[in-house]
Structures are given as C-alpha cells and as structure tokens.
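Student: prediction below, plus the sequence it came from.
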Amino acid sequence: MRARAMAVVFLLALLGNAVAGQEQGESKPLTQAEFVNLVNAKMPAADLIAQVRARGISFEVSAELEASLLQIEGGPQLLAALREPATLEVSVNVVGAEVIVDGESRGATPAEGPITVSGLKPGNHLIRVQAEKSVGERTDVFLKPGETRRLTIALVPAVEARPGLLGMEVNVRAGTKEDALVARLESVRDPEARARQLEEMIREYGEGPLALLGYRMLQAAYLEQNNYDGAVAAGEEFLRRDPANFRAQVRQAGAYLGMGDLPAAFESLGAARRLLEQGRERAVEASGQSSIEQSQARQVLEDGQRAVDSLSYNFFAGSLQLTNPAKKVAALERFLEVYPTGDYTQGAWVNLAYAYQQTNEPAKSLAAANRALEGNPREASMMVLVADSLSERGENLARARQLATSLLEVVEDPAARPGGMAEEQWASFRQLWQGMAHSILGQVLMHEETSQSPAGMSKTRQAVKEFQAATPLLKEQTQLYARNLFRLGFAYAKLGELVAARDALNEVIALNTAFTPPAQELLERVGQAMQRRRQ
C-alpha cells in the first residue's frame, strides 16, 4: 500500500504545476501532464488506453515515468499502450519510389499496393519519398500508438510537357537534377560540345519530355555551328514527337535555307505559318481566359510572327541566288505569297518582273512590273520595263509616254540613287535609262504617226530626234543600241531620207545582233527605193 502511495506522489510531481481540472481539447495529442493528471484521477486503465489510442501522445516515455507506471495497478498495460508501435502504409504514384522515414530508407514502392513500414514509435515522423525523374516530396506524419495510417503521395514529374499555343511547352521544375542538367547545358558556349552533351541527355531520357527539350536545344546547337544536315535530322525527330511545334518548323526552314534547298525551306515555313494561324484561331476561341493569359497568348503569337519575319531576308536572298530562271520565278512567287508585305516585297516584285522576262512570259513580266510601280512609282528600272513593253507593242501609249517622261525627271534627281550604289555605277544606270527613255519616246511617236506623206510626218521627225538623242547614250549596250539604230533607220526610210536610213541600217547589220536580219530586209527595200530614185 505504501508503494502505491509513493507512485501516486511521484506522478503528482511529474504533473508539476498542471491544474487537475484543466480542460484540453480531446482532438489534440495527450501531453504528459494530461496523462499524469488522468492517472492520478484514477481513470480506469482501459479508458485511459482508449484515450491514448484515440488521441495519441505528444511525449516519449521516460525512465522515470516507466518506473512509476510499473508500480501502480494497470501500469504495465498503460506502459504497453504508450509504446505500442504504429504502422504506415505508403502509396505512391511512381513504382520504385524510395520511402525514407526519419532519414532511414524503408524500401521502394511495389508495382501494386502500398509499401508497409511497421514498428514505428508513436509521435511525429518525417516522411520523404523520392524517385528518378520526379520531384521529391516530404511530409510530417503524427502516428498514434497502435495506429495503422494510410498515406498517399503523388510525385510530380521533374519535367513535364503540356500542350501550348504553338506546340508542346516543356517545364523543368526548379531545384531538380534535371533543372541543374539543363542549366549546365545552356552554359556550354561551344555549340559542338553542347550538341555532344545533348545527344547523351537524349539517350538517357529516351521518349520522355526532357528528350523533347533536348531535341529542341540540339536543333538550335546544330544551326549555330552551320551543321544543317544535323539540324534537319534533329528537327525531324523533334517534329515526330511534337508535330504541331511552330518553332521547330521555323528552325527547319532556316536549316534548309542553309543547305540551299529552297523548296524544302518554303515547305517548312508554310507549315510554320499554318501553325501560327491555328494558334491565332485558338487564342480567339479561348475568350474566357484571364487578362494575364490573353496577354501571354498575344506575346507568344507576336514572337511567332517576328520569327517568321526574321527569315524574310534569307528567303529573298536565297531566291535571288538561283540561276535557273524557272526556279527563280517559282521561288519569288512563293516568297510573295509568304511575305506579301515587308522590307523585301518591293525587291521581289522587281526581280520577278525580270525573271518572267527570262522565262519569256511578257504578260506576267508586265504585270509584276506594274505591281512594283504600285509600291514605288519612281522605281526607275520598272518604269523602263513597263514603258518599253508598252511602246514596243503599241499599247497604252499614253502611259508609256508618261513613264518615259517621268523617268527622265527621276534620273536627274540625286535622291533617286539607291543607297549604297557608287556614283560611277549610278552614272552608268542614269545614262542607260536616259537612252531608254528617249528611244521609248521615239517609238511612241512612231506608233502615233497618222500621216501617209513624208512632208506631213511631224511625229516621225520628232521620233528621229528622240532616237538620235538615245544613240550615244545606248552605245555601251549592244542589243539596245542596235534596236535603237534600227528604229532610227526605219524612221529615216519612212521620211524618204534614204542615205541616212542606209547608213543606220548598215551599222545595225555590222553589230550582228537579233536586229541584223530585219535590218538587212529593210536595207534591201531602201536600196531598191534609191535605185528607183536614180532612174
């Protein structure tokens, strides 16, 4: 009896300053003070054990508490209840994830069902779960004596790919091994070394989203080192995994341009433009988005348009480098489909007009030249082309005259000299265009002549003056010079000035150009007229 009294006294001492009647929320773990208070209040052991199991305890059993409990009635059962081990059943959405409890590895999650961790002391435990290619998770768990707790943990992939406005968007979570790997690769300045390391990363991550990011970075690295074959191959694999990726198609276009494969480059650019347009349509449909999301979508689409525009010079220059006239026509036509407006649109129309001349498509050449003049009415080369074409055909003579007259004014304007053109080169062009303008005006006058009598042919006499003005200016251009002399000879013959006509035509014949046969034919008729006159 004395021993029991002493144990109760000791328990009261453990209680310290706790108030015997203090009320505690029963949902909270039992504190040591509460537990001692309940013992001293002679709560039946069975009821106290129920309290311990229902609420758990916030203290560890000390040696002093253990000694005291062993000396009271029901104490051993209380002690056993306080120390009854708990069990944790951990379910993870990743097979093979490692479960670590209080710093100790307790195994890996099986293919089916949870992993069971038994023999855990009651109280707080730190649970960590980690797995390859996933973001680790940690959580604190409070276990009651004898409890079996079921814990479900969902690991998030370290790298995720989700659909975006212009293709898959790869998100690498900060603080992960993958994040450190990508940061290290981005810091490699040498593109060749970066490409090698990216290939290793792709092999390691197989079909995962980090491999997708790897192909994106690899395509860019190959482009940096002008390895266009490698860039195309990386781009093809990228697009196999993400067919709707706008950026991959833009880079493919750049790679094909580097290879000189203009048709393939246009195909990739066309695909990129279609993806950009689809992105715009989706952005319009997503009208319920927040203002922030709408702003982000606009930025993505604007960046995409800039990416397309940034290739305009490359496509323009690539088109001009083609030596085959038919291929050049096809390339410039495609260029103008893709870039109907822009810095190089005017130049494209000008060069397309010349390319049509080379493919012997005069109607298309004239149409292209007129489009160029819509863009710049003072485009001297196109003023020449249109005016010359119309005057040669005898069509729309008023426009031909207006263009030729304006051309003479344009070439006198110092501001008309294209930027970057040397003064000597400009002087050569001025001379050529002045000569062309005078020859065109002469031809227009010849077409406008209505008189049948040499005495009344005032327009033909004006035409002779224009042809004469053009002659010295065109002397360096053999074909144009021969044509102008033939026109002059024809005008002289029409006026009955047969000696002058003969001299002009003989010079044409001596030049041995396309105008030699018609000059010989006309010279024969002039000779016959001279013979009749002598008779």
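Tutor: Sure, I can see it.
Student: show me where this structure has its strands.
Tutor: Using DSSP state E, the strands found in the chain span residues 86-92, 98-101, 104-108, 115-120, 123-130, 134-135, 137-143, 148-153, 156-157, 159-164, 167-172.
Student: can you point out the buried residues in stretch 162-169?
Tutor: Neighbour-count burial for stretch 162-169, counted by 16 or more other C-beta atoms under 10 Å, picks out 164-169. Glycine gets a C-beta too; all of them are placed from N, C-alpha and C.
Student: cool, stretch 104-123 as well?
Tutor: By neighbour count on 16+ other C-beta under 10 Å, the buried set for stretch 104-123 is 106, 109, 114-115, 117, 120, 122-123.
Student: tell me how many other residues surround residue 142.
Tutor: 15 (other C-beta atoms under 10 Å).
Student: no wait, residue 464
Tutor: Here the number of neighbours of residue 464 (other C-beta under 10 Å) works out to 22.
Student: do the same with the one 5 residues further on
Tutor: Here the neighbour count serves as a burial measure; for residue 469 (other C-beta under 10 Å) it reads 17.
Student: in TSV, list the strands of the chain along with distance to residue 358.
Tutor: Compiled in TSV, the strands of the chain are given as follows (distance: least, C-beta to C-beta, whole Å):
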stretch	distance to residue 358
strand 86-92	70
strand 98-101	72
strand 104-108	73
strand 115-120	77
strand 123-130	69
strand 134-135	63
strand 137-143	69
strand 148-153	72
strand 156-157	58
strand 159-164	45
strand 167-172	40
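Student: show me the two of the buried residues of stretch 162-169 that sit farthest apart.
Tutor: 165 and 168 (10.7 Å; C-beta to C-beta).
Student: now do the closest residue to residue 473 other than its chain neighbours, the pLDDT please.
Tutor: By the measure of C-beta to C-beta, 6 or more residues apart in numbering, the closest residue to residue 473 outside its immediate chain neighbours is residue 435, 3.1 Å from it. pLDDT recorded at residue 435 is 97.
Student: ok, residue 296 next?
Tutor: So residue 296 comes in at 88 (pLDDT).
Student: and the pLDDT for residue 505?
Tutor: At residue 505, pLDDT is 96.
Student: if I pick it, what's in contact with it?
Tutor: 485-486, 489, 519-520, 522-523, 526 (C-beta atoms under 8 Å, 6 or more residues apart in numbering).
Student: buried only: go through those for me.
Tutor: 485-486, 489, 519, 522-523, 526.
Student: keep only those of those that are in helices.
Tutor: Under the assignment DSSP state H, those contribute 485-486, 489, 519, 522-523, 526 to helices.
Student: nearest to residue 509, of those residues?
Tutor: residue 519 (5.1 Å).
Student: the residue nearest to that closest one when sequence neighbours are not counted: how many residues sit nearby?
Tutor: By the measure of C-beta to C-beta, 6+ apart, the closest residue to residue 519 outside its immediate chain neighbours is residue 508, 3.9 Å from it. By other C-beta under 10 Å, the residues close to residue 508 number 25.
Student: and the gap between residue 508 and residue 496?
Tutor: Counting by C-beta to C-beta, to the nearest Å, the gap from residue 508 to residue 496 is 19 Å.
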